[in-house]
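Engineer: Provided below are the primary sequence and the corresponding predicted coordinates.
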Amino acid sequence: MWYFTREGLREAARMVHHSDESETLAITQASKGNVTVHAANSLTTSKNAKLDHQLDYGEYMFAKNHFLIAIENTRWGNKVMDAFNWFFHNLDNHPLCKEGPQGEHALLLYASQVCQDWHDKLTLKQTYNIGTINKDLLDKISRELDKRDIRAGLDQAAATPSDMLLLPTQCAAAT
């Protein structure tokens, strides 16, 4: 999704703007009987690209609008368009959104994992309705994040020097 964020779109615009007439061109098959010609360097991944779960929630939701336009323009079909519309709608209206950054991060990890899986299955012609949220998977991701945060809190508490900790009797004296 990074390629559809503001940063990704700016980078793409710079690449188009700075393209050179002597640039190497590549030919790819677009659909049965059709081919497209484009700059060969457009086939490489950006060194600035981020995984979906590395984006912040606002960036991801901004990118989804451009992604939906792109899949419509490339004629992925109404069924796929509807599935992705529902996918983003269900993410953006999920109760975890109300839990702030923790909930948003769980949703981004879920989206990253499910989108990767959906695209992997697409090559095997085993797609599924991505618009239906897999509650069990999302719950598992949320639990793993909670465990990670608890471990991080315990590690931080263990790393705090003992002379910085106040004993209960010291707390009473300090007030």
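Structural biologist: Arrived safely.

Engineer: setting aside sequence neighbours, what's the nearest residue to the residue nearest the centre of the chain?
Structural biologist: Residue closest to the mean C-alpha point of the chain, counted by C-alpha atoms, centre = their mean, is residue 52 at 1.9 Å. Leaving aside its sequence neighbours, residue 52 sits nearest to residue 112 (C-beta to C-beta, 6 or more residues apart in numbering; 3.7 Å). No exception for glycine: its C-beta is placed from N, CA and C like everyone else's.

Engineer: which element, helix or strand, includes that neighbour?
Structural biologist: helix 101-123 (DSSP states H and E).

Engineer: identify the residues contacting that helix?
Structural biologist: Helix 101-123 is contacted from outside by 1, 51-53, 55-57, 60, 87, 91, 94-97, 127-128, 130, 133-134, 137-138, 141-142, 145, 149, using C-beta atoms under 8 Å, 6 or more residues apart in numbering.

Engineer: who's in contact with residue 97?
Structural biologist: Residue 97 touches 57, 91, 103, 104, 107, counting by C-beta under 8 Å, 6+ apart.

Engineer: which pair of those spans the longest distance?
Structural biologist: 91 and 103 (10.7 Å; C-beta to C-beta).

Engineer: those two: which has the busier surroundings?
Structural biologist: For residue 91 versus residue 103, neighbours defined as other C-beta atoms under 10 Å are more numerous around residue 91 (23 against 17).
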